[in-house]
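Chemist: Give me the fold of what follows.
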Amino acid sequence: MAYEPIENYGVIGNMRTAALVGKHGSIDWYCFPYFDSPSVFAAILDDEKGGRFEIVPLNDGSATKQLYWPETNVLVTRFLSDDGVGEIEDFMPVGSGETSEWRDHLVRRVRVVRGCLKFRLRCHPAFDYARAKHETVIDDGNGANFQSKDLSLRLATKIPLRRDDCGVCAEFTLKEGECATFVIRPMEKGVEQPAPPSAEKTEELFKATVAYWRRWISACTYHGRWREMVHRSALLLKLLTFEPTGAIVAAPTCSLPENPGGVRNWDYRYTWIRDAAFTIYSLLRIGLTEEASAFMGWLDARCSEATRDQGLQIVYGIDGRHDLTEMTLDHLEGYRGSRPVRVGNGAVNQLQLDIYGELMDSVYLYNKHASPISYDTWLHLRELLHYVCDNWKREDEGIWEVRGGRQQFVFSKLMCWVAMDRGLRLAEQRSFPTDWEHWRGARDQIFEAIMARGWNQKRQSFVEVFDGEWLDASSLLMPLVFFVAPSDPRMLKTLEAIRKPPDQGGLVSDGLVYRYNASHGIDGLPGDEGTFNMCTFWLVEALTRAGWTKPEMLDDARLTFERMLGYANHLGLYAEQTGLRGEALGNFPQAFTHLAVISAAVNLDSALGSEKTDPGLWAAPPVALSAPTLE
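Modeler: Next up is the predicted model:
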């Protein structure tokens, strides 16, 4: 099989791990038991050696469609052919009661709803990123066992299987109304394996899973424009939540390239402190307080580990672990030859000072709109704010995790200002003790430094680094964090500069935003990359806010937002970037982008619905990274 485009996949999961299912009916990525565990199926990273679980009609003329069962994360892949219509329902059971016993199972139910279809099955696990050998044992009438040194899985089914060189295969025919079930589950050695689930049990699991997702999304309070897209983004964020700790992975995949054939391939199966403000805001804004509280608990645990001298790591394991040693898997060719394939993430050792702003913004918002933080939490945060006071002048690797050396990134300074500003506000609101004079002095120094050295008079724009000339899309967040007013002349000039096409020094191509100009080499990596989807939604929000004084910008915000919706895949999912041909690039699906979808939709909808109202609604004091209406 040739590599499928990244955008041709859907995702299923159980809040512990996830699997990518292609429109062609193959599971090409699946780690077990957790998001960041070694892969079992990884054909998306090596078509020949990676391993897959494929079920496909033998009729080569089949057309395919893929959709989610309404308001759920249950995926349906539909095959349309001259011989009839077949479907695969893919899901991982979730919920309480009896369903919880099946939590670590992956269920594939194949049905023929019209006509008669013949299917081919290939289940070829490749344990430990295709590094571990396994033994295949077939049980007559009950499936097959795949036994490796560290992990053993079972494929349970009543369809007769036969061994091949890589696992098992089969061909089977289903008539209209018939179905076949295949279940991947962990296997305990020396324990008699249960029979495959009956048709009645499979239907029970299906209904319970559908009911769980529908019940969960019903708590969402958003009913504005683009509701389906907001709901899909919320469902994805829940899917990417590691339920035992409340952490949310940046993406369920690793090493999907930002530039096919290039080296910009990273492991995103971890949790970044940076995501905190976007996560807390987006979840609270649409009424999902339970998830926001769980993630806040994870953040609190990380803060309790930090010290004034050492500060925080920028990224942690979903279980809170610190060691994310980066290594390359040289035996895998990478997606369409994109080497190296990396697992782990070396950015864990970087200095990124912006994370303290995102952290404090999220804590401030949570304290105000969810639950008051404790005094012990404040003591940990106070130490981190002292760290910011002592370190904000340092060079760092910045929001984009450059590997070309540390710089004086303007966005890092901006978020250090946010950290001190939110810390002061929080201390005042809760009457927490702190060093008021020292903190106010640091906040004001940072502000003046950004205005003096982060503004380029010649370019008439805020720029990427102090005393630099290159633009950076992170400047779009300045009005969102209330550093400057959206109508401030400097911000309007920055918007004007960024919105120019790249050949005129800007960052926008037909409404899509590059995060920076990669050709000037600041990230220390060869090759180019696509437009950054999250940054496009930042542009929407910046235009939305500017629209209060310049109504034409509100029109531009809506056009940009709706155009960007057209770059989602057939299921409403986004990867990290969009390529020159409109293809998805980078790890998929990306949580950060979907957080930005929610934020942009909520605030744009509010602005459009309030066009004839007093803009004083937007004049409230700053509260959060993207939350002017929450004050």
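
Chemist: When you work out contacts or count neighbours from here on, use the C-alpha atoms and nothing else.
Modeler: OK.

Chemist: Relative to the longest strand anywhere in the chain, what are the paired strands and their orientations?
Modeler: When the chain is parsed with DSSP state E, its longest strand is strand 106-124. If you go by DSSP bridges, strand 106-124 pairs up with strand 52-57 (antiparallel), strand 84-91 (antiparallel), strand 168-175 (antiparallel), strand 179-186 (antiparallel).

Chemist: For residue 382, which of the ones you listed is the nearest?
Modeler: Minimum separation from residue 382 across these (C-alpha to C-alpha) falls at strand 84-91, 44.0 Å.

Chemist: how about the closest one as CSV, C-alpha atoms only?
Modeler: The C-alpha trace of strand 84-91 is given here as CSV (Å, rounded to 0.1, in the frame of the first residue of the first chain):
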residue,chain,number,x,y,z
GLY,A,84,-23.3,-3.3,-2.2
VAL,A,85,-22.5,-1.1,0.8
GLY,A,86,-20.4,-2.2,3.7
GLU,A,87,-19.3,-0.4,6.9
ILE,A,88,-16.7,-0.7,9.6
GLU,A,89,-17.6,0.7,13.0
ASP,A,90,-14.4,1.4,14.9
PHE,A,91,-14.5,2.4,18.6
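
Chemist: Can you list the neighbours in contact with it?
Modeler: 12-13, 25, 73-80, 106-117, 206, 209 (C-alpha atoms under 8 Å, 6 or more residues apart in numbering).

Chemist: Now with 7 Å, please.
Modeler: Contact with strand 84-91 is made by 12-13, 74-80, 106-117, as judged by C-alpha atoms under 7 Å, 6 or more residues apart in numbering.

Chemist: Quick check: mean pLDDT of that strand?
Modeler: What strand 84-91 shows for mean pLDDT is 97.

Chemist: Likewise for stretch 509-521?
Modeler: pLDDT averaged over stretch 509-521 gives 91.

Chemist: just stretch 21-40 next, same as before
Modeler: Rounded mean pLDDT across stretch 21-40 is 97.

Chemist: quick revisit: now that we have the contacts of strand 84-91, which of them are buried?
Modeler: 12-13, 74-80, 106-114, 116-117 (16 or more other C-alpha atoms under 10 Å).

Chemist: hang on, isn't residue 536 packed against residue 513?
Modeler: Yes. Judged on C-alpha atoms under 7 Å, residue 536 makes contact with residue 513 at a distance of 5.0 Å.

Chemist: so what sits against both of these two?
Modeler: Counting by C-alpha under 7 Å, 6+ apart, nothing touches both residue 536 and residue 513.

Chemist: Scan the protein for its longest helix.
Modeler: Ranked by number of residues, the top helix in the chain under DSSP state H is helix 410-430.

Chemist: quick one: the residue lying farthest from the centre of the chain from residue 421, how far?
Modeler: Centroid-distance maximum for the chain: residue 140 at 41.4 Å, with C-alpha atoms, centre = their mean. Counting by C-alpha to C-alpha, to the nearest Å, the separation of residue 140 from residue 421 is 67 Å.

Chemist: Would you state the helices of the stretch 251-400 of the chain in chain order?
Modeler: 275-285, 289-305, 355-369, 375-391 (DSSP state H, counting those that start in this stretch).

Chemist: Any idea which of those helices has the lowest pLDDT on average?
Modeler: helix 275-285 (a mean of 84).

Chemist: Can you check what angle separates that helix from helix 355-369?
Modeler: Comparing the axes of helix 275-285 and helix 355-369 via axes from the mean of the first three to the mean of the last three C-alpha atoms, to 10 degrees yields an angle of 20 degrees.

Chemist: now what about helix 275-285, what contacts it?
Modeler: Contacts for helix 275-285 (C-alpha under 7 Å, 6+ apart): 289, 292, 358-359, 361-362, 366, 592, 595, 598-599, 625.

Chemist: end to end, how far does stretch 523-534 reach?
Modeler: 18 Å.

Chemist: If we go by neighbour counts, what in it is buried?
Modeler: Those would be 523, 529-534, for stretch 523-534 by 16+ other C-alpha under 10 Å.

Chemist: Dump the helices of the stretch 251-400 of the chain to a markdown table, plus mean neighbour count and distance to residue 250.
Modeler: Below are the helices of the stretch 251-400 of the chain laid out as a markdown table (neighbours: other C-alpha atoms under 10 Å; distance: least, C-alpha to C-alpha, whole Å):
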| stretch | mean neighbour count | distance to residue 250 |
| --- | --- | --- |
| helix 275-285 | 24 | 8 |
| helix 289-305 | 19 | 13 |
| helix 355-369 | 25 | 15 |
| helix 375-391 | 19 | 24 |
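
Chemist: Turn these into a markdown table, including distance to residue 194.
Modeler: Output for these, formatted as a markdown table (distance: least, C-alpha to C-alpha, whole Å):
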| stretch | distance to residue 194 |
| --- | --- |
| helix 275-285 | 40 |
| helix 289-305 | 35 |
| helix 355-369 | 46 |
| helix 375-391 | 48 |
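
Chemist: Which one of these lies nearest to residue 95?
Modeler: Using C-alpha to C-alpha, the helices of the stretch 251-400 of the chain put helix 289-305 closest to residue 95, at 15.5 Å.

Chemist: Compute the inter-axis angle for that closest one and helix 275-285.
Modeler: Using the same axes, to 10 degrees: helix 289-305 against helix 275-285 is 150 degrees.

Chemist: Give me the contacts around helix 289-305.
Modeler: With C-alpha under 7 Å, 6+ apart, helix 289-305 has contacts from 245-247, 280, 283-284, 370, 377, 380-381.

Chemist: what does stretch 5-18 give?
Modeler: 19-23, 30-35, 73-75, 91-94, 103, 239-243, 252, 569, 571, 583-585.

Chemist: Please tell me how far the residue lying closest to residue 502 once chain neighbours are set aside sits from residue 167.
Modeler: Leaving out its chain neighbours, the residue that sits closest to residue 502 by C-alpha to C-alpha, 6 or more residues apart in numbering is residue 508, at 6.5 Å. According to C-alpha to C-alpha, residue 508 stands 48 Å off from residue 167.

Chemist: where does the stretch 151-300 of the chain have low pLDDT?
Modeler: 190-192 (pLDDT under 70).

Chemist: those strands in it, which residues are they?
Modeler: 152-156, 162-163, 168-175, 179-186, 241-242, 247-248, 271-272 (DSSP state E, counting those that start in this stretch).

Chemist: In terms of secondary structure, what does the last one contact?
Modeler: Going back to what we said before, that points to strand 271-272. Packed against strand 271-272 by the contact rule (3 or more C-alpha pairs under 7 Å, 6 or more residues apart in numbering; DSSP states H and E) you find strand 315-316.

Chemist: Output the contacting helices and strands for the strand it packs on.
Modeler: Secondary-structure packing of strand 315-316 (3+ C-alpha pairs under 7 Å, 6+ apart): strand 271-272.

Chemist: Residues touching the strand it packs on, excluding its own?
Modeler: Here strand 271-272 has contacts from 247-250, 314-318, using C-alpha under 7 Å, 6+ apart.

Chemist: Buried residues, stretch 200-216. List them.
Modeler: 202, 205-206, 208-210, 212-214, 216.

Chemist: ignore the last one, stretch 394-408
Modeler: 394-399, 401-403, 406-408.

Chemist: Give me the subset of those lying in strands.
Modeler: Among these, no member lies in strands (by DSSP E).

Chemist: what ranges do the helices span in the stretch 451-600 of the chain?
Modeler: 489-498, 533-546, 551-565, 591-609.

Chemist: Tell me which of those sits most buried.
Modeler: helix 533-546 (a mean of 27; mean count of other C-alpha atoms under 10 Å).

Chemist: chain center to that helix: distance?
Modeler: 18 Å (C-alpha atoms, centre = their mean, to the nearest Å).

Chemist: got it, and stretch 436-448?
Modeler: 34 Å.

Chemist: ok, and what's touching that stretch?
Modeler: 389, 413, 417, 420-421.

Chemist: List the buried residues of that stretch.
Modeler: 439, 442-443, 446-447.

Chemist: Among those, name the ones in strands.
Modeler: Using DSSP E, none of those sit in strands.

Chemist: now those as JSON lines including distance to residue 275 and pLDDT?
Modeler: Listed next are the buried residues of stretch 436-448 as JSON lines, based on distance: C-alpha to C-alpha, whole Å; pLDDT from 0 to 100:
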{"residue": "439", "distance to residue 275": "24", "pLDDT": "97"}
{"residue": "442", "distance to residue 275": "24", "pLDDT": "98"}
{"residue": "443", "distance to residue 275": "22", "pLDDT": "98"}
{"residue": "446", "distance to residue 275": "23", "pLDDT": "98"}
{"residue": "447", "distance to residue 275": "23", "pLDDT": "98"}
